[in-house]
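Q: My questions concern the predicted model and sequence given below.
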Amino acid sequence: MDLRQLRYFVCVAEEMHFGRAASRLGISQPPLSQQIKALEATLGVELFERTSRRVSLTEAGLIFLPEARGTLLQAERAIDTARRARAGKAGRLALAFTMSAPFVEVVSTSLHQFRQSHPDVLLSLAEMGRDDQIAAIDQGKCDLGIARSFDTLIVPDGLTARRLLEEDTVLAMREDHPLAQRPSVHVTDLRDHQFIRYEAQWGSGFNECFEALCLAAGFAPRYTQEVTGLPTLLGFVSAGFGVAALARSITLLHPEGIVFRPIVGYRFASSLWLIHRERVSPAGEALIAGLEKSSEQYYRRRLGHSEESAH
């Protein structure tokens, strides 16, 4: 039994006439009759009662008809799903991201547009540290990753990493902190203050780069707390345990009682990287294209602002 035989059966059942059914199907009557007989032989039952004057469904045919229609409808859905998946309009996509990524306009805009244009793609999101992202993508557990790094991101063979954007680093502190009265903070002004940092797996290189920055300024930073998440870090900042270095995009949060100040004196910037396998699904390609387009628009706006400032 094949789908063609089911279509032939449904057509004859609807027309109750082999000649009209054959005309509707665009074939001659003898092959149609042969296919119906082959279907009946496969099922081991007669589906039609045939006389010289009329054709009618048997009891088995009456029961089989809605099942045949349902099978054909499900087959059409399966074919449509396969074609939509090939076009990137259906399927699954697993995305891992660093905790600051949702606050970056390039990322949030791209995800919003992707969900609008690909509503039938099941987008699975998971917050992960940089190294965990790379491992998950390398092992096939994730399709894409958005990670932060202060250096050029090195990934295993078979993976690709491309820079989406670069961000300055700011200091988060209580609004009554002594340094909060300044419009910016020089690195050397941090010598006598305490700091909060992420645990190593969540730091994305912040810890190492910040320590190197302080050492270059002639002192070693003193840490009071290590945390695993952004809410906890901001909570400790608000409680006065110290200041914390964060990507500028976090300033969009505007947490009550906390202010952000730029760091001057030394270059201290991180980059957001898009990681994926060299071959990705059509849905993955669509999301990558959206992120790259948003990134290009971001840099064009920055260039435009720089030119305006120069004038």
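A: Right, received. Where do you want to start?
Q: going forward, measure contacts between C-alpha atoms and count neighbours the same way
A: Noted.
Q: State the three-state secondary structure for residue 272.
A: strand (DSSP: H, G, I helix; E, B strand; the rest coil).
Q: Contact partners for it?
A: When contacts are counted by CA atoms under 8 Å, 6 or more residues apart in numbering, residue 272 is found next to 101, 146-149, 163-167.
Q: any chance of these in a markdown table, with secondary structure too?
A: Converted to a markdown table, the contacts of residue 272 look like this (three-state DSSP):
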| residue | secondary structure |
| --- | --- |
| 101 | helix |
| 146 | strand |
| 147 | strand |
| 148 | strand |
| 149 | strand |
| 163 | strand |
| 164 | strand |
| 165 | strand |
| 166 | strand |
| 167 | strand |
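Q: between these, which is closest to residue 94?
A: Checking the contacts of residue 272 against residue 94 with CA to CA, the nearest one is residue 146 at 11.4 Å.
Q: if we can go back for a sec, wait, which of the contacts of residue 272 is closest to residue 122?
A: Proximity of the contacts of residue 272 to residue 122 was ranked by CA to CA; the top entry is residue 146 with 17.9 Å.
Q: and the closest one, how many neighbours?
A: When counting by other CA atoms under 10 Å, one arrives at 28 neighbours for residue 146.
Q: Next one: it relative to residue 133, how far apart?
A: In this view, residue 146 and residue 133 are 8 Å apart by CA to CA, to the nearest Å.
Q: which neighbours do these two share?
A: Taking CA under 8 Å, 6+ apart as the contact rule, the neighbours common to residue 146 and residue 133 are 96-97.
Q: Can you redo the contacts of residue 272 as a markdown table, where the extra columns are distance to residue 5 and pLDDT?
A: Supplementary listing: these in a markdown table, determined by distance: CA to CA, whole Å; pLDDT from 0 to 100:
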| residue | distance to residue 5 | pLDDT |
| --- | --- | --- |
| 101 | 53 | 90 |
| 146 | 50 | 96 |
| 147 | 53 | 93 |
| 148 | 57 | 91 |
| 149 | 59 | 89 |
| 163 | 54 | 93 |
| 164 | 53 | 93 |
| 165 | 57 | 92 |
| 166 | 60 | 92 |
| 167 | 62 | 90 |
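Q: quick one, domains of this structure?
A: In the domain annotation for the chain, the residue ranges read 3-86, 92-294 (automatic domain parsing).
Q: right, so those domains: which one is the most enclosed?
A: Across these, averaging neighbours per residue (mean count of other CA atoms under 10 Å) puts domain 92-294 on top, at a mean of 18.
Q: if we can go back for a sec, which two in the contacts of residue 272 are spaced the farthest apart?
A: Between any two of those, the greatest separation by CA to CA is 14.0 Å, found for 146 and 167.
Q: chain center to stretch 121-129: distance?
A: Here stretch 121-129 is found 6 Å from its chain centre; the criterion is CA atoms, centre = their mean, to the nearest Å.
Q: make that stretch 219-228, sorry
A: Centroid separation between stretch 219-228 and its chain, computed with CA atoms, centre = their mean, is 33 Å.
Q: With stretch 264-280 instead?
A: For stretch 264-280, the gap between its own C-alpha mean and the chain's C-alpha mean amounts to 17 Å (CA atoms, centre = their mean).
Q: Now do it, average pLDDT.
A: The predicted model gives stretch 264-280 an average pLDDT of 90.
Q: Now do it: distance from first to last residue.
A: Stretch 264-280 has its terminal residues 41 Å apart, counting by CA to CA.
Q: Repeat that for stretch 140-151.
A: From the first residue to the last, stretch 140-151 extends over 25 Å; the measure is CA to CA.
Q: ok, and what's touching that stretch?
A: The list of residues contacting stretch 140-151 from outside it, by CA under 8 Å, 6+ apart, reads 93-98, 101, 129-130, 133-134, 136-137, 204-206, 209, 269-277, 280, 284.
Q: Which of those fall within helices?
A: Assigned to helices by DSSP state H, the following of these qualify: 130, 133-134, 136-137, 206, 209, 284.
Q: Just name the lowest-scoring one in the residues you listed, pLDDT-wise.
A: The weakest per-residue confidence within the ones in helices among the contacts of stretch 140-151 falls on residue 206 (78).
Q: In contact with it, which residues?
A: Taking CA under 8 Å, 6+ apart as the criterion, residue 206 is in contact with 149-150, 245.
Q: Any chance of these in TSV with distance to residue 191 as columns?
A: Compiled in TSV, the contacts of residue 206 are given as follows (distance: CA to CA, whole Å):
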residue	distance to residue 191
149	25
150	22
245	14
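Q: wait, which of these is closest to residue 294?
A: Among the contacts of residue 206, residue 149 lies closest to residue 294 (CA to CA), at 19.4 Å.
Q: Kindly state the beta-bridge partners for that closest one.
A: Per DSSP bridges, residues listed as beta-bridge partners of residue 149: residue 271.
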